[in-house]
Structure formats: C-alpha cells, structure tokens
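Novice: A predicted structure for the sequence below; I have some questions about it.
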Protein chains: 2
Amino acid sequence: MDIGEYVRQKSRAAKEASRKMAFASTKLKNDALLRMADKLEWRMGELREANRKDLEAGREKGLSSAMLDRLELTEKRIWAMVQGLREVAALPDPVGMVERMARRPNGLLVGKMRVPLGVIGIIYESRPNVTVDAASLCLKSGNAVVLRGGSEAINSNIALASLFREAIREAGLPEDALQMVETTDRRVVTEMLKCEGLIDLIIPRGGKGLIRTVVEESLIPVIKHYEGICHVYVHEDADLEMAETIAFNAKVQRPGVCNAMETLLVHQAVAGDFLPKIGERLGEAGVEIRGCPRTREVLPWAKEATEEDWRTEYLDLILSVRVVEDMDQAIDHINTYGSAHTDAIVTESYEAAGKFVREVDSSSVMVNASTRFSDGGEYGLGAEIGISTDKLHARGPMGLEELTTYKWVVYGNGQIRT
Amino acid sequence: MDIGEYVRQKSRAAKEASRKMAFASTKLKNDALLRMADKLEWRMGELREANRKDLEAGREKGLSSAMLDRLELTEKRIWAMVQGLREVAALPDPVGMVERMARRPNGLLVGKMRVPLGVIGIIYESRPNVTVDAASLCLKSGNAVVLRGGSEAINSNIALASLFREAIREAGLPEDALQMVETTDRRVVTEMLKCEGLIDLIIPRGGKGLIRTVVEESLIPVIKHYEGICHVYVHEDADLEMAETIAFNAKVQRPGVCNAMETLLVHQAVAGDFLPKIGERLGEAGVEIRGCPRTREVLPWAKEATEEDWRTEYLDLILSVRVVEDMDQAIDHINTYGSAHTDAIVTESYEAAGKFVREVDSSSVMVNASTRFSDGGEYGLGAEIGISTDKLHARGPMGLEELTTYKWVVYGNGQIRT
C-alpha cells in the first residue's frame, strides 16, 4: 500500500474510534488502563523478547552504549510502566466537568464542558516508555492516539501496542483508539502532518530537528516543547544562602533535562559576595562556567561567554553567568535570550517578586524555588505528556486537562432570540 | 521599502509594545479605551470625510449597493462604535487572574495566572467596525494588535487607527500597540503569516477563500471561524409547539448569520405532525425547503435535497430538512455533515438531552433553545472577537479571556528538588 494511504487509514480508524472514546465512561477507560498494566506485568517476557530484537539491531547499526541503554526495557523499567499505568487510572477524569455554568437573564443555563480533543498524533524519537505515557494519558482523557515512535524501538513499540490494543478491546472499548505506525519509513511523518480533519493535534517529542520539521510541514495544530533555556536571577536583597542552594540544585541535580538552569543572572550589588561561593561549589561539582566580563572579574578562572552562550541550552555541566545592573536588565535578558520555559528569582522583596512574576514572559515563573520543579507531577497534574513552550491552548506542563478542549452547553426551556 | 520588511517592521513594533501592554494596569487600558470613544465622538467629521473617500472609490470600482452600504460609516454606526468602546472599558480585565492556586505537599504555592498572548494579527475583509471591535478587545486583554483590513475600507481604517493611536499615547501607553497596515498590497497577508516569533496568533475574519489561504500559508497558529452549518433536531417526545417556535426563530430571525439553522432534523415519529405546521409557517416567511424523500412525502411542494445540501451553509432563506429514524441517526448526521458550530435538540426527555449534549461534537450544544443564542454577548462574555470552529485554545464565542493564555506561577521559600 502507498505510505500516505497507510497513514490515512490508521488516522481514519482512530477518528472513528475517537467518537466512541469521547463519551466512554471513566470506569471503562480505567478498566482498559488497568488491563494494560496487567498485561505488561503478566506478559513481560513477550515484550522483553521484542526489545531484544531492537537491541540486537541497534548493536548491528552501531548505536552508542548510551543509546542502547535508553532503548533497553529492563524488568525494573517495565515495572515502572506498570506503576505509571495504574497511577493514570487513579487520576480524576477531566471529561464532562462543567466550568463557569451560570444562568443568563433570559433563563438560559450556559457553561463550558470539558471534552476530548479527538485524535492526538504523537511523533517521538525517545525511549519506548513514551509509548506508555502517551497512550495512557490520551486514552484516559477520552482521545484516540496515533503513535509514531523512533525506528530503533520499532519492535518494542509494536509489542506494546499489540498488548494495549488487546486490553482496550477486552475492556469493551474500540481498540482502534490506539494506532501504532508499524513501519520505520521516514515519509510517515510528512504524511501524518497532512491528516488535517483526521488528527486534531500533533505533539512532537524529540530533538530540535524533528520539532522544526514538524512545525514547518504540519497542516494540523502543533504543541511543542522547543528548548529549556532556564534562568535563575539572584536579586540584590536575596538570601544568598538560599540563592546558592537553589542555583546549585537548578544546575547540578539533573543537568540533562529541560528545566535545569542554563544561565545564572546576578545583581551587581551582590556579585562580589555571591559569585565566589557559588562558583567554588559549582566548580567542585565539575561545572564549567562561561561568564560575562564582570563575572570574570570575580571569577578569573571562568571562560568567556559569547553572545551564542546566552542562547544555548547546554543540557550539560556548563553554565553561563552574567552580572546585571538591575532587575530590569535581568528581565530583559530573560525575555530576549530565554526560551519562555522556566525562570526563577531569588529575593526577599515583595515588590521585586511581584514585578518579576508579572514581567517575565515564560510558561513557569518562580520565586525562591528551583527551576527543576517545573514538572507535571510537581505541579499536581499527576502525570504529564510534555511541557509546552508555546502560548496557545497549553503552556508549561501538560496533563490530562491539557489534552481536552471544551464545548459550550446551553440548557433552555424554549428560549428564542428577538 | 520592500513589502515584507514593511510588515515585519510593524510586527516588531507591536511586539516591542506588547511587552509593556502585558502589565499595563487596567486603569490605563480603560483610560485608553474611553479616550478612543471620546475621539470618535468629537472628531466624527474627520472619520466621515475619510469614509467618503472610500465610498467614492468604491462607486468608481463599481461595488454593489449592498457592499457600499456595509462600507458606509453613518453617524448612527459611529455612535454604536463609541458605545461599544465604552462597554469594553466596563468589562472585567482577565489579565492577572490566578486560577487553581494550591499548596503542594512541599509547601510550594502553584497556580495559573492569566496573561496576554502577545501580538494578535487580524486579517479581515469586512466592515470598518471590525477595526474597532478587534482593537478594543485586543488592547483590553493586554495584547498588541496588527490589523489588516479590507482594501475598500483603507481610508476609514487609517483614520480610525490614527485616532486610536493618539488615544493610546495620551493614556500613557505605547501607541505601537495598535498597528494598521496602510497599504492595499495583497502580498501583505502572505508576509504577515510569516512573522512567527513576532505575531503570536492570527485570526482571519472573512469568506472561505481568505480563511483557506491563511490556514495553508500560516507559520503562526490560527484560530478561525470556518462555517456555521447549524442543526435543530426535533426528538420524538418534543413539545411540538416549542419545536416550531425554536426552528422558526433559528431559521428566519436573521438568516444571513453563522448561527442560523441550515438543516432541520425531525424524528420519524413526529414528522407527520410537525412538518406540515413548520413547513407552512416557513413557507409563508418565504423559506425554500429542500427535503429528503420522507420529508417530501409530507411536504410534496418541497424541493429535493441532494448530498450537497447537507454540507451547505446557505446564509439565506433556504432550509434542508431530513426525517431521521432515531436520535443516533440525527447525531451521526450532525457529526458527519455539520461544521461543529452550534446544534440544538428539542426534547422533553432528560436522557435524550444528556445523550445529545454528550455525543454531539460541536462548539455549542443546546437543549430547547434557538441556535441564534450562540454569541459572546448572549453567553455573558460582554463582547466577542469571533466564534471559533476550531478545537484548540478557544471554541465557540471568543471574548477577552480567549485572547489570553496563562503562565504557571510558583511561590516558594527556598525549595529544591531532591
């Protein structure tokens, strides 16, 4: 079959199933999720067998050991998936919730009811656990899903999808609500992005190259996570001990993730006090510092930061540091060079905290807390399908509610317009 | 100057201004709106003079008298604009509202704060009053706006923009928050749609051709109003007098608007009773009926409906009518042929009402009310910038809140992640 027709067929089947999923009861959806968990638990062997094929193929292709490690489904990792599925089953179902219902002067009762988006297309490169997260969150929120995973994990993904479709069917829901693209043909992505009217939302998860391709080619709305160039700004009145703890945590606790700090901004009034302390501690932890000229006056061992550094997401033990004249310069720096992901201020001032929160235009703005908290679980969403650096529809961590939209519901008793 | 550079310059100026608008106080924004109203009132002469130029040019170009009428800014119409501006000033400001703020187990206070989207691009063809609606709603919600109006109204639009920019400046806000494209060059649209990173949202308002062009070319997210193929379904247990009143109102009260009924669906059990009555009444009002075979058994004078009729937004005194076997067939018809705008059921049954509301996938779903109520004013939004038939971000009538997004705000006292 032609690859475009193959993708459209999958998307059409998902669309058809999404109509039933949209008003499936929470009980049935949870039943499907728990059956998915049970199957992973009971039939772990099948899954590991499929995974072994991916690992072998990966070795032959010469994947790095880091990549092979990410690909591997150890028993422990499968248990974590089982656990994740049971947690999603336990989350409250957003579908059907009615917000802002009010009676209008003419007696009409008008409100907004949460409903699923329809069909969500997920294009990802990463580990097979994304398959489990994406499938579970989309199904729980009443959507159908078309999954296109990384080619290295194709056998693992097919095995997961097959178990999950079985579970969905046994729960009495349409198994077509979960579609896995079972080919590694690269043209699939382009064809998915043309399925407007069938797929309602595309969420790409992967490197910059993938994201750029998706945004440029898609005829379907896209919500993306682009980059996490996160800042911590230490204000002149900050508790410097707290600032040190927060900055160290934001950089070092897990440097390879999107909510790690990439740039530290320090008010000139405290640069002389603060930078030597945090500099020493970061240096001991193996962090390379790239500073502005004023930073390097205090930390002569720091490398020189270029314009390019302010725009770089290192995802590594590297930090750019700039001394700023005042908070306005810090805010300006963040709004100019940042990626609107997560930015924090450390301050003791009520007014400074308020100004920073108002004027920094990022999906998460924090006062006296580590940027590492920018996460669906930490925000109380229960689970997340990603972090949006876009502005429309969903911003920051996306949980179940962000996979829904609403419809207006209007209850009358014969009202007409005059 | 090159036309692309001209558009980018306007968009850049708007982006710059949007940073200040984002945290402008409600007081200043209202002051600007009231000054805009005052200027329209006091300097009506200037505006009418500019409008006369458009009318003359329109006559020379041979515009129809209907189009000339829509273009004309009579004193009465200007007064309506003045009134509209004062009403928007009186609406509550959504910016800064915090929703769902809660304390997490670790003591972090996490919530979602409403913030402006940034820069909104409006591409429209219609009457100059869209200039006033769009400018006032965008400014009140803290956004900057780039306006590209119809070429026939170019002089009126330039005059309006000039008065409004004066008002914004006098209120102490950046006048660049309102940008009017002062050329009728058609390439402007294409260039606007490329301004990603400068314009955050595009709202096209106009005919199908314009909307299609915008959706296909835009690199920026688009929210659109596509079509209003609205249905009224009369269930077997409907109060037939109420059904008649609602169906008549939905079709006849203002047939040229998007929330007018285009297709009437009638349960077979009441077709024999209901259709002759409503048919007679609609016929007397000059409505042409195009029916399915079973409709024409009861109303032999009706024309034959083709497959094409079910997909047609007449915007006229024409109605397609279909007799359905049961509610499932009605819902299936609506979800297949409708445009997900507004659909209503007339029923006395609690269960039927619930099923219809759940299963019809439209931006507004109504029970026992005329589809004509689908409107921002009627829903209590105060004013609307349009009705979205999309699913992402905003659905149905869009008011001030729909012109905003949110950011996560996190207040801590030194929390770090472990």
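Specialist: Received it, and whenever you're ready, just let me know what you need. Numbers count the residues shown, from 1 in each chain, chains lettered A, B, ... in the order given.
Novice: Give the burial count for the residue in the stretch 251-400 of chain A that chain B sits nearest to, as a bare number.
Specialist: Using C-beta to the nearest C-beta, the single residue of the stretch 251-400 of chain A nearest to chain B is A:A369, 3.1 Å away. (Glycine included, C-beta is placed from N, CA and C.) Taking other C-beta atoms under 10 Å in any protein chain shown as the neighbour definition, A:A369 ends up with a count of 32.
Novice: ok, it - contacts?
Specialist: By C-beta atoms under 8 Å, 6 or more residues apart in numbering or on different chains, A:A369 lies in contact with A:I246, A:A344, B:L108, B:V410, B:Y411, B:G412, B:G414, B:Q415, B:I416.
Novice: A:E378 too?
Specialist: B:R104, B:L108, B:V110, B:R417 are the contacts of A:E378 under C-beta under 8 Å, 6+ apart.
Novice: Within reach of chain A, which of those residues are there?
Specialist: Applying C-beta under 8 Å from any C-beta of the partner chain to the contacts of A:E378, one finds that B:R104, B:L108, B:V110, B:R417 fall near chain A.
Novice: Looking at those, which is nearest chain A?
Specialist: Closest to chain A, out of all of the ones next to chain A among the contacts of A:E378 and judged by C-beta to the nearest C-beta, is B:R417, at 4.0 Å.
Novice: Surely the closest one is in a helix?
Specialist: No - secondary structure assignment (DSSP: H, G, I helix; E, B strand; the rest coil) places B:R417 in coil, not in a helix.
Novice: these two touch, right, A:S320 and A:T312?
Specialist: Yes - the pair A:S320 and A:T312 qualifies as a contact (C-beta atoms under 8 Å) at a distance of 7.3 Å.
Novice: Can you check which residues contact both of the two?
Specialist: A:E262.
Novice: of these two, who's got more company?
Specialist: Legend: neighbour count by other C-beta under 10 Å for A:S320 and A:T312, higher for A:S320 (28 against 18).
Novice: How about the secondary structure of that one?
Specialist: Quick answer, by three-state DSSP: A:S320 is strand.
Novice: I'd like to know how far it sits from B:E227.
Specialist: Per C-beta to C-beta, to the nearest Å, A:S320 is found 51 Å from B:E227.
Novice: related to what we said a few turns ago, tell me the one of the contacts of A:A369 nearest A:E72?
Specialist: Distance to A:E72 across those (C-beta to C-beta) is lowest for B:I416, with 30.7 Å.
Novice: OK, contacts around A:A13?
Specialist: Neighbours of A:A13 in contact, by C-beta under 8 Å, 6+ apart: A:D176, A:Q179.
Novice: wait, A:R127
Specialist: A:R127 touches A:R70, A:L71, A:A153, counting by C-beta under 8 Å, 6+ apart.
Novice: Could you identify which of those residues has the most neighbours?
Specialist: Going by other C-beta under 10 Å, A:A153 tops the contacts of A:R127 with 28 neighbours.
Novice: That one touches A:L55, doesn't it?
Specialist: No - if you go by C-beta under 8 Å, A:A153 and A:L55 don't touch, sitting 9.9 Å apart.
Novice: what do those two both touch?
Specialist: A:L71.
Novice: Now for A:R417, how many residues are close by?
Specialist: The burial count for A:R417: 18, using other C-beta under 10 Å.
Novice: In space, what's closest to it - neighbours in sequence excluded?
Specialist: Closest residue to A:R417 apart from its sequence neighbours, by C-beta to C-beta, 6 or more residues apart in numbering or on different chains: B:R372 at 4.0 Å.
Novice: where exactly do the helices run in the stretch 201-350 of chain A?
Specialist: A:208-217, A:240-252, A:268-284, A:293-298, A:307-310, A:327-337, A:350-359 (DSSP state H, counting those that start in this stretch).
Novice: And the stretch 1-150 of chain A, by the same measure?
Specialist: When assigned using DSSP H, counting those that start in this stretch, the helices of the stretch 1-150 of chain A occupy the ranges A:3-21, A:26-42, A:44-61, A:65-71, A:75-90, A:129-140.
Novice: Tell me what angle the last one forms with helix A:26-42.
Specialist: Yep, that's helix A:129-140 we're talking about. On the basis of axes from the mean of the first three to the mean of the last three C-alpha atoms, to 10 degrees, helix A:129-140 is oriented at 160 degrees to helix A:26-42.
Novice: who does helix A:129-140 touch, helix- and strand-wise?
Specialist: helix A:26-42, helix A:75-90, strand A:119-124, strand A:144-148, helix A:154-170, strand A:178-180 (3 or more C-beta pairs under 8 Å, 6 or more residues apart in numbering or on different chains; DSSP states H and E).
Novice: got the contact list for whichever residue of the stretch 1-150 of chain A sits closest to chain B?
Specialist: Closest to chain B within the stretch 1-150 of chain A is A:F23: 4.6 Å, counting by C-beta to the nearest C-beta. Each residue near A:F23 by C-beta under 8 Å, 6+ apart is listed here: A:G142, B:R358, B:E359.
Novice: Neighbours of A:R148, how many?
Specialist: 25.
Novice: hang on, I meant A:A171
Specialist: 20.
Novice: and the closest residue to it other than its chain neighbours, what does it touch?
Specialist: Residue nearest to A:A171 in three dimensions, not counting chain neighbours: A:A32, with 3.7 Å by C-beta to C-beta, 6+ apart. For A:A32, the contacting residues are A:L139, A:A167, A:I168, A:E170, A:A171, A:L173, by C-beta under 8 Å, 6+ apart.
Novice: On the strand side of things, show who the nearest residue to A:S363 once chain neighbours are set aside bridges to.
Specialist: Excluding its sequence neighbours, the residue lying closest to A:S363 (C-beta to C-beta, 6+ apart) is A:G396, at 3.8 Å. When assigned by DSSP bridges, A:G396 has beta-bridge partners A:S388.
Novice: so A:G396 makes contact with A:S374?
Specialist: Yes - the pair A:G396 / A:S374 is scored as a contact, 6.7 Å apart, by C-beta under 8 Å.
Novice: Name the residues contacting each of the two.
Specialist: A:T342, A:S363, A:S364, A:I387, B:W408.
Novice: separation between the closest residue to A:I3 other than its chain neighbours and chain B?
Specialist: Nearest non-adjacent residue to A:I3, counting by C-beta to C-beta, 6+ apart: A:R187, 5.0 Å away. Distance of A:R187 to chain B, given as C-beta to the nearest C-beta, to the nearest Å: 21 Å.
Novice: what about A:R187, how many neighbours?
Specialist: 13.
Novice: surely it meets A:E5?
Specialist: No - taking contacts as C-beta under 8 Å, A:R187 lies outside contact range of A:E5: 11.8 Å.
Novice: picking up where we left off before, present the helices of the stretch 201-350 of chain A as CSV; the columns should include mean neighbour count.
Specialist: Output for those, formatted as CSV (neighbours: other C-beta atoms under 10 Å in any protein chain shown):
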stretch, mean neighbour count
helix A:208-217, 15
helix A:240-252, 22
helix A:268-284, 17
helix A:293-298, 17
helix A:307-310, 14
helix A:327-337, 18
helix A:350-359, 17
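Novice: Among these, which comes closest to A:D93?
Specialist: helix A:208-217 (29.0 Å).
Novice: what stretches of chain A score poorly on pLDDT?
Specialist: Applying pLDDT under 70 to chain A flags no residue at all.
Novice: For A:I158, which non-adjacent residue is spatially closest?
Specialist: A:E182 is the one closest to A:I158 (C-beta to C-beta, 6+ apart), at 5.5 Å.
Novice: For chain B, see how far away the one you found is.
Specialist: Counting by C-beta to the nearest C-beta, the gap from A:E182 to chain B is 28 Å.
Novice: Please consider this matter closed, and thank you.
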